[in-house]
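1. Any chance you can model this:
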Amino acid sequence: MIHNKKLLSVLVAFAAVFFIALPVSAHVTVNPTQSTTEAWETYEVRIPVEKDIATTKVTIKIPENVEYKMYEPVAGWKTTTTTDDNDKVATVTWEADSEETAIKPGEYRVFTFRAQNPKEPGDIAWDAFQYYADGSIVEWTGDSDAELPHSITSIAQSNATVDSHGHSHGTDEATDDTADDHHATDEDTEHSHEGTNTNTILSIIAIVLSVVAIVLTFIRKK
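-> From the prediction side, this is the model:
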């Protein structure tokens, strides 16, 4: 009987760890993760709720070499921007109008905006600040290996030129290369999501195996 009680306690403890560990992978992300120079890109900011309280506000910092253009309205949310000394948009903030429209635990919301990528290839980082109803703030501003990483979009060189309306112009060869770049971007984004799902599954398997190992140990001791 004593062994059974100990076994039950261990299983309950590991089950708690298991369910608590799952939301850790729910990071704020900005997609796509790959694009091309000077492209007018539609970026999607995915905001999951990893606490037991609602998210009421989200702020995204626009990289200095990215030109913010416009946003897609979201019902029940107010969108505001701030500008720097050069009158360039520096941050975009989405704030819930009320508790009813806030992002509840177990939910996520996607905010969309348009921006023009930098002229030079390289990585751009999206710092994000997630505000909760209790006043706490989660800052997604760390490197890729940090506990709270920011999203990265890799900007590759494009052979096409882009006019002020966001239209691409170039030779047929350049057009084909651009199409290949977008195809590669879609594939890389898909692989990125697959990689995230794989890591989550592997983490779950590791936890389950640990629980099984402990159970077997107690059984053998009996």
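2. Can you classify the nearest residue to residue 151 once chain neighbours are set aside as helix, strand or coil?
-> Of all residues beyond its chain neighbours, the one nearest residue 151 is residue 30 (3.9 Å), with distances taken as CB to CB, 6 or more residues apart in numbering. Every residue, glycine included, has its C-beta placed from N, CA and C. On the three-state scheme (DSSP: H, G, I helix; E, B strand; the rest coil), residue 30 is labelled strand.
3. bridging residues for residue 30?
-> residue 45 (DSSP bridges).
4. shouldn't it be in contact with residue 140?
-> No - using CB atoms under 8 Å as the test, residue 30 is too far from residue 140 to be in contact (9.5 Å).
5. residues shared between the contacts of those two?
-> 128, 151 (CB atoms under 8 Å, 6 or more residues apart in numbering).
6. Which of the three states applies to residue 51?
-> coil.
7. how about residue 137, what does it touch?
-> Neighbours of residue 137 in contact, by CB under 8 Å, 6+ apart: 129, 130, 131.
8. can you tell me which of these are in strands?
-> Among the contacts of residue 137, the ones falling in strands (DSSP state E) are 129, 130, 131.
9. What pLDDT is listed against the closest residue to residue 108 other than its chain neighbours?
-> In space, residue 108 comes closest to residue 48 once its chain neighbours are excluded; the distance is 4.1 Å by CB to CB, 6+ apart. Looking at residue 48, its pLDDT is 97.
10. how deep is residue 48 tucked in, by neighbour count?
-> Other residues near residue 48 number 18, with proximity taken as other CB atoms under 10 Å.
11. Could you do residue 84 as well?
-> Residue 84 has 11 neighbouring residues, counting by other CB under 10 Å.
12. Tell me the secondary structure at the closest residue to it other than its chain neighbours.
-> Using CB to CB, 6+ apart and skipping residues adjacent in sequence, the residue nearest residue 84 is residue 90, 4.6 Å away. For residue 90, the assignment made with three-state DSSP gives strand.
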